[in-house]
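In: take a look and give me a structure for this.
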Amino acid sequence: MSTGTTRRSLGILIALTFCMALQMTGFAMILPLFARRFESFGAGAQALAMSALAYAFTTTLATPFIGMLADRRGRRPILLFSLVGYVLTFGGYLLAASAWQLVWLRGLAGALTAGVLPAITAIVGDVAPENRRAQRIGIVIGGGSAGWIAGPLLGGLLYDRFGYVLPFSAATAFEVGALLLALLWIPETYTPAAQPGQRRSAWRHGLRALPYRSTFALLLLITFGVMFAWAFSEPQLMFYAYDDLSWTSTQLGWVISAFGVTFTLGELVLGHLSDRLGRKPVLVLGLALFAAQFVAPVVSRSVPWIVLGFMLAGLGNALFDPALSALILDIASPEHSAGMLGLNGTAAALGRLLGPALVVLFPMSPRMVFLIAAAFVGVLTLASALALRTPEKATWHSSGAVAAQ
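Out: Next comes the predicted model:
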């Protein structure tokens, strides 16, 4: 790779990192406040779960098509479209006049914003050397995880002092900043090649080209399971913190920020581990640590122990997330990478869909919810340790065939 190409790649990487940081800061600012916003309309945990259900349902429908469009039309237009979606829906959250309007807006947000992560991850795959994919993905996602540090804490502080208007307005401003940065500094990195017959069967072509289909299927299951466990427990966690533990919004913001601290440090410092040690061991260890956030509220009501659980979970997320994304890029051909990442996003969206759906359909105690989530992630960890197959190296040729070594 020439010096000019390397410099351009690093410039894109830096722009992506800051874009993710701004976008996620705005997103995380209002995450702990949705429960308060629903309470202001006289609604509770089931309404919050319904809004998460609406978001996940529309994301599930949109994500696979968004991934294919990124392979056909390029990464940049999908990224810009999704960031515009964040700006519009965040402004809507501020103006909503009822709980049902919030539910509908979150459903709209799911459809409009589904392309951010597939587009950004595909851009990293376009410009990163194969032996540094996980590292570069970790750096970019680390920018986003920095938002988990600043966002919830800032949002909680602003809400406790000024009410909901200021934090929701500030969150919208962060999304505008991310959009402007992408518009000015992130170029197109992929030129789609014309391939007859592929327009109607992009998924089939992409899946048929995979040399490790069972691996991809297990990765989809892992992504689904992780997001299911999180979405299943999130509505209960919010109200458990406020109603059972009597926390303030600031305290809940601190706990979520603790997750963000170890997530960010882990992504930046340890994101490269799977490039060196292999994808599988890093992914398995990350999943095991991720379960700590569900175990901690079961075994203790103490804030320090719950914070520790979230910090371990953040570290675990920082380990398995880059390893999983890099493994998909390892086994997918370049012309299908965004599509396969889109299918992975669909698996995540299905997890976000079914998690809150169970909360709505089968109300249960917070302790039971946390136990189920912990057990589910534990099963995924064991399945990954026993069944995941990974190539040592995958080299794609222009014909679309892969040589796994």
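
In: which parts of the stretch 301-405 of the chain are strands?
Out: Along the stretch 301-405 of the chain, counting by DSSP state E, counting those that start in this stretch, strands occupy 394-396, 402-404.

In: closest to the centroid, which residue in the chain?
Out: For the chain, the residue nearest the mean C-alpha position is residue 117 (6.9 Å; CA atoms, centre = their mean).

In: that residue contacts residue 345, doesn't it?
Out: Yes - Residue 117 is within contact range of residue 345, at 6.1 Å (criterion: CB atoms under 8 Å). (C-beta placed from N, C-alpha, C; glycine too.)

In: who's in contact with the residue nearest to residue 52 when sequence neighbours are not counted?
Out: Residue nearest to residue 52 in three dimensions, not counting chain neighbours: residue 356, with 4.0 Å by CB to CB, 6 or more residues apart in numbering. Residue 356 sits next to 49-50, 52-53, 56, 231-232, 234-235 when contact means CB atoms under 8 Å, 6 or more residues apart in numbering.

In: try residue 93
Out: Contacts of residue 93 by CB under 8 Å, 6+ apart are 30, 37, 102, 105, 168.

In: among those, which lie within helices?
Out: 30, 37, 102, 105, 168 (DSSP state H).

In: list the contacts of the second one.
Out: In this case it means residue 37. Each residue near residue 37 by CB under 8 Å, 6+ apart is listed here: 30, 93, 96, 102, 164.

In: buried ones in the helix or strand harbouring residue 64?
Out: Assigned by DSSP states H and E, residue 64 belongs to helix 45-73. For helix 45-73, the neighbour count (16 or more other CB atoms under 10 Å) marks 45-72 as buried.

In: ok, stretch 167-178 next?
Out: Applying 16+ other CB under 10 Å to stretch 167-178 flags 167-168, 170-172, 174-178 as buried.

In: could you do stretch 71-86 as well?
Out: Quick answer for stretch 71-86 (16+ other CB under 10 Å): 71-72, 74-76, 78-86.

In: would TSV of the residues you listed with secondary structure be doable?
Out: Formatted as TSV, these follow (DSSP: H, G, I helix; E, B strand; the rest coil):
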residue	secondary structure
71	helix
72	helix
74	coil
75	helix
76	helix
78	helix
79	helix
80	helix
81	helix
82	helix
83	helix
84	helix
85	helix
86	helix
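
In: next, give phi and psi for residue 163.
Out: phi 90, psi -170 (degrees, to the nearest 10).

In: got it, and residue 188?
Out: The phi/psi pair for residue 188 (degrees, to the nearest 10) is phi -70, psi 140.

In: how about residue 129?
Out: phi -60, psi 150.

In: please apply the same query to residue 153.
Out: phi -70, psi -50.

In: could you list the low-pLDDT ranges of this structure?
Out: 1-5, 192-212, 392-405 (pLDDT under 70).

In: quick one: which of the contacts of residue 37 is nearest to residue 128?
Out: Closest to residue 128 out of the contacts of residue 37 is residue 30 (31.4 Å), distances taken as CB to CB.

In: gap between residue 9 and residue 333?
Out: 20 Å (CB to CB, to the nearest Å).

In: ok, those two, which is more surrounded?
Out: residue 333 (22 against 18; other CB atoms under 10 Å).

In: may I see the contacts of residue 93 organised as JSON lines, with distance to residue 281 added?
Out: Listed next are the contacts of residue 93 as JSON lines, based on distance: CB to CB, whole Å:
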{"residue": "30", "distance to residue 281": "36"}
{"residue": "37", "distance to residue 281": "42"}
{"residue": "102", "distance to residue 281": "42"}
{"residue": "105", "distance to residue 281": "42"}
{"residue": "168", "distance to residue 281": "42"}
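
In: got the contact list for stretch 368-381?
Out: With CB under 8 Å, 6+ apart, stretch 368-381 has contacts from 221-222, 225-226, 228-230, 232-233, 236-237, 284, 287-288, 290-291, 294-295, 297-298, 359.

In: I'm done for today, thanks for sticking with me.
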